[in-house]
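> please find the sequence and the predicted model below.
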Amino acid sequence: MFRRKPAPATDIDANTDDGDQPSRHRAQIGRKVAAKLSRNPMVARMESECLTLYMRDDFVSPAECAQLRAVIDAGARPSSLFSGTAEADYRTSDSCSMDPGEPPLDAIVARICALMGLDRAWGETIQGQRYQVGQEYKFHWDFFPVNTDYWPHMRAQGGQRCWTAMIYLNSVEAGGETCFPHAGLSVPPLEGRLLMWNNLREDGAPNQESLHSAQPVAAGAKYVLTQWFRERPWKARPE
Ligand SMILES: O=C(O)CCC(=O)C(=O)O
Ligand SMILES: [Fe+2]
């Protein structure tokens, strides 16, 4: 008798609600990117037992940084949070979604993806942020908690966030460090520096120890670009 073969098992099952669970697929992304970055002599791995974090200085030139700061100045609006405005003082920076066609940006995103070995289709729209004196982004995780009303939408858009790539577009006079308290790391903003970390554990589940903050700026202003990568291609508007 003819029997239809079962569909091959796949780890990349958009219908599996496993955003808070270990996942072979997400674990594999973590390993693949870490292996690529570890092989690169220009990239430094920051020492931590509980977090996978890499740094590459002089990734963006001073001229490109200046150009991008001007774009952020022109487009910055008060930052929003997925969780709405309940904790309005949580992320006090101004931010803007960057047009990927904006001249230096297209090339920079391509360079980030080449460095990390990630497909740019998996990256969300890159975000620019500007923090002025006293502004900050309090302790948070970049991965999505699955017990929220927005998770089903995020899942349909490309699932859990895996890696974050962040570029400092200027050196800040005082303050503005990115702090990872569990890893005991505090990274000072340095113009052109790219920071990359995995928000997930080795088994692909969210890493609670990836908690981080942008410390308040004490003097001057701080400009950053953030590129968040999903576990699948990112769709701005899922069908
Ligand atoms: O500005 C920083 O140092 C951190 C920004 C951040 O954590 C984020 O955009 O998710
Ligand atoms: Fe963050």
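Okay, I see it. Ligands and ions are numbered 1, 2, ... in the order given.
> run a quick neighbour tally on the closest residue to Thr178 other than its chain neighbours.
Spatially, and ignoring its direct neighbours in sequence, Thr178 is nearest to Val187 (4.6 Å; Cβ to Cβ, 6 or more residues apart in numbering). Where you see a C-beta, it was placed from the backbone N, CA and C, and this is true even at glycine. Counted with other Cβ atoms under 10 Å, the neighbours of Val187 add up to 19.
> repeat for Glu102
15.
> from Ser95, how far out is it?
15 Å (Cβ to Cβ, to the nearest Å).
> so what's the residue lying closest to Asp99 once chain neighbours are set aside up against?
Among residues not flanking Asp99 along the chain, Leu105 sits closest, at 7.3 Å (Cβ to Cβ, 6+ apart). Leu105 makes contact with Leu68, Val71, Met98, Asp99, Ile126, according to Cβ atoms under 8 Å, 6 or more residues apart in numbering.
> so when I look at the fourth one, I'm seeing a helix, right?
No. With the criterion set as DSSP: H, G, I helix; E, B strand; the rest coil, the secondary structure at Asp99 is coil rather than a helix.
> point out the residues in the chain that sit beside ligand 1.
Tyr137, Asp142, Met166, Thr178, His212, Ala214, Val224, Thr226 (Cβ under 6 Å from any ligand atom).
> hmm, back to that, list just the nearest of the contacts of Leu105 to Gln28.
Relative to Gln28, the closest of those is Ile126; by Cβ to Cβ it sits at 24.2 Å.
> the closest one reaches Trp234, doesn't it?
No. At 11.2 Å, Ile126 does not count as touching Trp234 under the criterion of Cβ atoms under 8 Å.
> more crowded one of the two?
Just comparing Ile126 and Trp234: by other Cβ under 10 Å the higher neighbour count belongs to Ile126, 23 against 20.
> any idea how far the more buried one is from Gln227?
Taken as Cβ to Cβ, the span from Ile126 to Gln227 is 5 Å.
> give the intersection of the neighbour lists for those two.
Common neighbours of Ile126 and Gln227 (Cβ under 8 Å, 6+ apart) are Val109.
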